[in-house]
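>>> Make a model of this:
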Amino acid sequence: MPAVHLVAPSVLHSSIGCGGTSLYRGVALACTTIGPTYCHELAHPDEPGDRPWRAPGVSVRRYPTIDDLLAALAEQTRAHDVIGKWLNAGGTRDAEVDIAVARMAADRDAACFYLDPEPFVRLPLIEHADHYLWDLLPAYAGVLLFAGGQRAIDEYSRRAGVPVWHLSAGLGALAHRAPASPERDIDLLITVARHSARERRLHDLLRRLDDQRPGSTVYVAGSLAPDLLRELPIKHLSPRDPDTLMDWYGRSRFALNLIRADFAGYSHTPAARVFEAARAGACLITDPFPGLADYLLPGTECLTDAGRLVDHLNLPEADRARIATRAGRRVNQSLPHERALLQEALATPPPAPTQAARHVAIARDRLDLRRRCQGARMALLPGVEQLRSTLLAQLRPERIDRVASAEAAVSAGYDVVALPASAKEEFDAADRDNPHHHRTVIVAPPADRSGCLRLVWGRDWLVPGTETPWV
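Here you go, the predicted structure:
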């Protein structure tokens, strides 16, 4: 039986407002039907405020540094195991973790998958064609998305050329026990993360609610601007554990879901709170979005048009309870399908090890090149002037200077030199007396190999015979 290794931000620390912790826990629980599941996290074991989370078949392992995490993951991964690499699991070293996971999966005949819970945020940030991820993803067995709809599927499929599956944040509901049904003494519960445009809209809605329905009991869970908390009669919650939040949903008559502007152009983007509220019996009031009816039917299983918040809160209790019950039933019925789809996706075989290793090398080289060039002074020799704007945009050097010859570039002490292939021998001769100057050399392709660059460190090829695609 293969083991499943999940590398994600944190299964213990609650990410109120974005539902990250709930989704991570739900995915971990669903993976236990494949085999024993291990959650590898970058956090100190004694981090204060985190409540232990235990689930049958799931083991949580925490490490003080990225290096410790990667070393342990390499030691524990066996042939035919599955590794799920969550977006941003490596923090500031996330790209390094992406590459390391792909490399160790190829070395051990394991399958690795890239998990993106917010493609509507991620994709606009990596839209340029030279991003290392597009070179690296063919080394993965596939990509799992938890939002974004067909547009996100198409973008990942077109750029990465790997299988892509679309699940929903509803998997996070697997991690929660359905709360008991006490008296619902909270009129409205809102879970939200800091987001300036959404905060302004929420302020307007709550101000109107206070004017037209004074005395309403409103709780907000998550982070809000201090002035919003001071100005309005709302109660602020900071639950550290998702189960605690579910108890608050269980006490609420209604829950509000406001859509972020990032969602524009993407469909099927229900946040985890949509499913949490439905499972806890709170009636959901949500902004409409494309694909909503695939999860909850407007008017029957949820209410739309948050601008009519006051009217919704005045709904008779019997009508409110009927809508909430239908929503809870719909979510519970969808969970087995989501779990089965996850299992199907993770059963995808990995690419051939040689293919994976090639893409790992290409992605590593591109990332290394950008790191070496960023903020450096670059010399541009005659014959590659047409690359100036491309190099400036994609490698972000401090500046690019046109230099007349290889000898002039060497004597001026440039750390990065871009030159045509025909000038490489001239540069080697000029640089022969500087064996300790670890210079980065970018060799433009000959005319018959347009679209490629070769990378040279000092006078040695970084990866002999390997070409790095350039778009």
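>>> Low-confidence stretches in this structure?
Flagging of the chain using pLDDT under 70 yields the residue ranges 12-19, 44-51, 128-130, 180-182, 193-197, 224-231, 239-240, 434-438, 445-471.
>>> Let's see that with 50 instead.
Applying pLDDT under 50 to the chain flags the ranges 15-18, 447-452, 454, 456-471.
>>> Pop the domain breakdown of it in here.
Following automatic domain parsing, the chain resolves into domains at 4-174+342-360, 178-330, 374-469.
>>> Quick check: end-to-end length of the second one?
Start and end residues of domain 178-330 are separated by 14 Å (CA to CA, to the nearest Å).
>>> and that domain, how far out from the chain's middle?
Between the centre of domain 178-330 and the centre of its chain there are 24 Å (CA atoms, centre = their mean, to the nearest Å).
>>> before we move on, the earlier item: as JSON lines, the domains of the chain with distance to residue 367 and mean neighbour count would be great.
Placement of C-beta: from N, CA and C, glycine included. JSON lines is the format used below for those (distance: least, CB to CB, whole Å; neighbours: other CB atoms under 10 Å):
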{"stretch": "domain 4-174+342-360", "distance to residue 367": "4", "mean neighbour count": "19"}
{"stretch": "domain 178-330", "distance to residue 367": "25", "mean neighbour count": "18"}
{"stretch": "domain 374-469", "distance to residue 367": "11", "mean neighbour count": "16"}
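>>> got JSON lines for those, with distance to residue 368 too?
Shown next, in JSON lines, are the domains of the chain (distance: least, CB to CB, whole Å):
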{"stretch": "domain 4-174+342-360", "distance to residue 368": "9"}
{"stretch": "domain 178-330", "distance to residue 368": "31"}
{"stretch": "domain 374-469", "distance to residue 368": "8"}
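>>> For residue 336, find the nearest of these.
domain 4-174+342-360 (9.9 Å; CB to CB).
>>> what about that closest one, distance to the chain center?
Relative to the centre of its chain, domain 4-174+342-360 is centred 9 Å away, using CA atoms, centre = their mean.
>>> now the strands for the stretch 1-150 of the chain?
Counting by DSSP state E, counting those that start in this stretch, residue ranges of the strands within the stretch 1-150 of the chain are 4-7, 37-42, 58-63, 82-86, 111-116, 142-145.
>>> can you put these in TSV and add distance to residue 429?
As requested, the strands of the stretch 1-150 of the chain are exported to TSV (distance: least, CB to CB, whole Å):
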stretch	distance to residue 429
strand 4-7	47
strand 37-42	47
strand 58-63	49
strand 82-86	45
strand 111-116	44
strand 142-145	47
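>>> Distance of residue 173 relative to residue 319?
If you measure residue 173 against residue 319 using CB to CB, to the nearest Å, the figure is 24 Å.
>>> wait, I meant residue 205
Taken as CB to CB, the span from residue 205 to residue 319 is 21 Å.
>>> Quick check on the residue nearest to residue 382 when sequence neighbours are not counted: phi, psi?
In this structure, residue 382 finds its nearest non-sequential neighbour in residue 404, 7.0 Å apart by CB to CB, 6 or more residues apart in numbering. Main-chain torsions, residue 404, degrees, to the nearest 10: phi -70, psi -30.
>>> so residue 404 makes contact with residue 379?
No: the criterion here is CB atoms under 8 Å, and residue 404 misses it with residue 379 at 9.8 Å.
>>> what's the straight distance from one end of stretch 391-408 to the other?
Start-to-end span of stretch 391-408 (CA to CA) is 20 Å.
>>> got a list of contacts for it?
Stretch 391-408 has contacts (CB atoms under 8 Å, 6 or more residues apart in numbering) with 128, 130, 369-370, 373-382, 385, 388, 409, 412, 414, 416-419, 423, 426-427, 429-431, 442.
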